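Peer 1: I'll drop the sequence and a predicted model, then ask my questions.
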Amino acid sequence: MNVNDFDFELPEQLIAQTPLADRTASRLLTLSRATGEAGHHTFPYLAEMLQAGDTLILNDTRVMPARLMGVKSDTGAKVELLLLKQLEGDRWETLAKPGKRLKVGAQLSFGDDGNGEPLLRATVVAEGEMGGREIEFHYEGIFNELLDRLGEMPLPPYIKERLDDRERYQTVYAKHEGSAAAPTAGLHFTKEFLAQLQAKGVQIGYITLHVGLGTFRPMSVDTVEEHTMHSEYYELSEETAAMLRDAKARGGRIVAVGTTSCRTLETVASRFTYEDIRACSGWTDIFIFPGYEFKLVNALLTNFHLPKSTLVMLVSALAGRSAVMNAYKEAIEQEYRFFSFGDAMFIY
C-alpha cells in the first residue's frame, strides 16, 4: 500500500492556529462506516449521536511543559530540547534542535538562579536518529517543579501562534502527566458536556497513553507496511477494564475519543479476549492501517490529521480509505479547521 494514497492538498489557512474560546463551539463532521455518508454539524450534536449504553473511552494523560530553551555551556549557542520519554532516573529521550551540534558529551544550560548559575544542566549521553538525543539532567531540587518553571508547552510545529493559556492545550480531565503532545480529540469536551452525556446514560471510562516520539516524526518510507511506530506507554485500570467487559457482553458500542484511546484499546484487545480484559500496562507500537480488523472499537471521535500520516491511515482502517478521503475533501471545501486546535470528526 503506497503512502501517497493518503495524501491530499490542504490550504494553509485551514490549519487552526488558536483554540476556540468555547471548547464545544467547534464543528463536527459525522461519517457513517456503513454508507460513507458525511454530515455537517456542530460539536454538541455528538450528544445526539451517542446512545444510552454506549461506553466512551477518553485518554487522561497530561501534557508536560516539555520544550526547554537553553544554550550550549561552552559557546552560548541556543539549543532546544523536546522531552519525549523518561528512560531511567534523570535520563530522557529527547528531540534536539539543532541536533547536529549536540554531540555526545555536550553540556547544556537552562534558566538562571539569579546568581549567574543555571537552574538546570544537562549532558548529551547518546545520539539517535533525526535529532534524537539521550540527555541526562543535573539539578538541585525537584525536577518537575523546575520543568514547570522553565518549560513551554510543546505545540506542534505547524502552530505558529503563541498559546496564552497553557490549560487550553490540556483536556479538562487531564490527570497523569507524561505526554509530549495533547490527545487533541479530547480538547472539545467540557466538564458540563461530559456530565450531559452521563445523564443520558453514556458510560465514561479513562485510559492513559502518554503521547511520544511518533507524533513528531513523519513517515520516511514509500510503502505503508514498511513503517515502524515508536512505542508509547499505556495503562488500563480495573474500573475501565470492567466497563469494557460489560459493554462487550451486552453488545454496547465502545467509542474511542482520539486515536490514542483507539490504539490503546486495540492493544488491550490483542492481549485479552473481551471476557478476560483486566487492568494492565505496558508499551505499545501498534500500527493500524487499512486491512486491520477492529476488535474493541466501534466508533471514533477524532480531529482532522496531516496528509500521509499514520493517523489518517488509522481512520481509513475504520471507515475505509475512499470514504475518509471524500470526507476530507468535503471538510476542505467547507473550510473546516484542521489539526490540533481544529474541528472534529465522528466515525460511527
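Peer 2: That came in fine, so what should we check first?

Peer 1: mind listing what's buried along the strand ranked longest in the chain?
Peer 2: Longest strand of the chain, by residue count under DSSP state E: strand 78-88. For strand 78-88, the neighbour count (16 or more other Cβ atoms under 10 Å) marks 79-85 as buried. Heads up, the C-betas are built off the backbone N, CA and C, glycines and all.

Peer 1: in this protein, which spans are helices?
Peer 2: 46-49, 143-150, 191-200, 238-249, 259-271, 310-319, 321-333 (DSSP state H).

Peer 1: let's have the ones you listed in CSV, adding mean neighbour count, distance to N4 and mean pLDDT.
Peer 2: Output for the helices of the chain, formatted as CSV (neighbours: other Cβ atoms under 10 Å; distance: least, Cβ to Cβ, whole Å; pLDDT from 0 to 100):
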stretch, mean neighbour count, distance to N4, mean pLDDT
helix 46-49, 16, 32, 98
helix 143-150, 15, 39, 96
helix 191-200, 13, 38, 98
helix 238-249, 17, 36, 98
helix 259-271, 24, 21, 98
helix 310-319, 24, 12, 97
helix 321-333, 18, 12, 98
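
Peer 1: for the protein, give me the ranges with low pLDDT.
Peer 2: Applying pLDDT under 70 to the chain picks out residues 213, 215-217.

Peer 1: mind listing what the nearest residue to Y292 once chain neighbours are set aside touches?
Peer 2: Closest residue to Y292 apart from its sequence neighbours, by Cβ to Cβ, 6 or more residues apart in numbering: A317 at 4.6 Å. By Cβ atoms under 8 Å, 6 or more residues apart in numbering, the contact list for A317 reads 288-292, 294.

Peer 1: and of those, the nearest to V221?
Peer 2: Proximity to V221 was ranked across those by Cβ to Cβ; first place goes to F289, at 12.2 Å.

Peer 1: could you give the backbone dihedrals for that closest one?
Peer 2: With angles defined as degrees, to the nearest 10, F289 sits at phi -140, psi 170.

Peer 1: I'd say it and V312 touch.
Peer 2: No. Using Cβ atoms under 8 Å, F289 makes no contact with V312, being 9.4 Å away.

Peer 1: which neighbours do the two have in common?
Peer 2: With Cβ under 8 Å, 6+ apart applied, the contact sets of F289 and V312 do not overlap.

Peer 1: against I15, how distant is I347?
Peer 2: 22 Å (Cβ to Cβ, to the nearest Å).

Peer 1: tell me which of the two has more neighbours.
Peer 2: I347 (24 against 19; other Cβ atoms under 10 Å).

Peer 1: need the contact list for the more buried one.
Peer 2: Residues in contact with I347 (Cβ under 8 Å, 6+ apart) are 31, 33, 299-302, 315, 318-319.

Peer 1: bridging residues for it?
Peer 2: L31, L300 (DSSP bridges).

Peer 1: now T302: how far from A52?
Peer 2: From T302 to A52 the distance is 23 Å (Cβ to Cβ).

Peer 1: between these two, which one's more packed in?
Peer 2: Between T302 and A52, counted using other Cβ under 10 Å, the more crowded position is T302 (24 against 11).

Peer 1: how about the more buried one, nearest residue that isn't a chain neighbour?
Peer 2: Leaving aside its sequence neighbours, T302 sits nearest to A185 (Cβ to Cβ, 6+ apart; 5.0 Å).

Peer 1: run through the residues that contact that neighbour.
Peer 2: A185 makes contacts with 257-259, 261, 301-303, 344, as judged by Cβ under 8 Å, 6+ apart.

Peer 1: coming back round to it: paired strands for the longest strand of the chain, with orientation please.
Peer 2: Using DSSP bridges, the strands paired with strand 78-88 are strand 67-72 (antiparallel), strand 91-97 (antiparallel).

Peer 1: export the last one to CSV, keeping only CA atoms.
Peer 2: As requested, C-alpha coordinates have been extracted for strand 91-97 and formatted as CSV (Å, rounded to 0.1, in the frame of the first residue of the first chain):
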residue,chain,number,x,y,z
ARG,A,91,17.9,10.3,31.7
TRP,A,92,15.4,11.3,29.0
GLU,A,93,14.8,10.6,25.3
THR,A,94,14.5,14.0,23.5
LEU,A,95,14.4,15.7,20.2
ALA,A,96,17.1,18.3,19.9
LYS,A,97,17.5,21.4,17.7
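
Peer 1: how far out from the middle of the chain is that strand?
Peer 2: The gap between where strand 91-97 is centred and where its chain is centred comes out at 18 Å by Cα atoms, centre = their mean, to the nearest Å.

Peer 1: same check, this time on the first one
Peer 2: Averaging C-alpha coordinates over strand 67-72 and over its chain gives two centres that are 24 Å apart (Cα atoms, centre = their mean).

Peer 1: specify the angle between it and helix 143-150 in degrees.
Peer 2: 90 degrees (axes from the mean of the first three to the mean of the last three Cα atoms, to 10 degrees).

Peer 1: for strand 67-72, buried residues please.
Peer 2: The neighbour-count check on strand 67-72 (16+ other Cβ under 10 Å) flags 67-68, 70, 72 as buried.

Peer 1: how about R321: what's its closest non-neighbour residue?
Peer 2: Leaving aside its chain neighbours, R321 sits nearest to P290 (5.5 Å; criterion: Cβ to Cβ, 6+ apart).

Peer 1: can you map out the strands along the stretch 101-250 of the chain?
Peer 2: 107-110, 120-127, 132-139, 176-179, 203-209, 232-236 (DSSP state E, counting those that start in this stretch).
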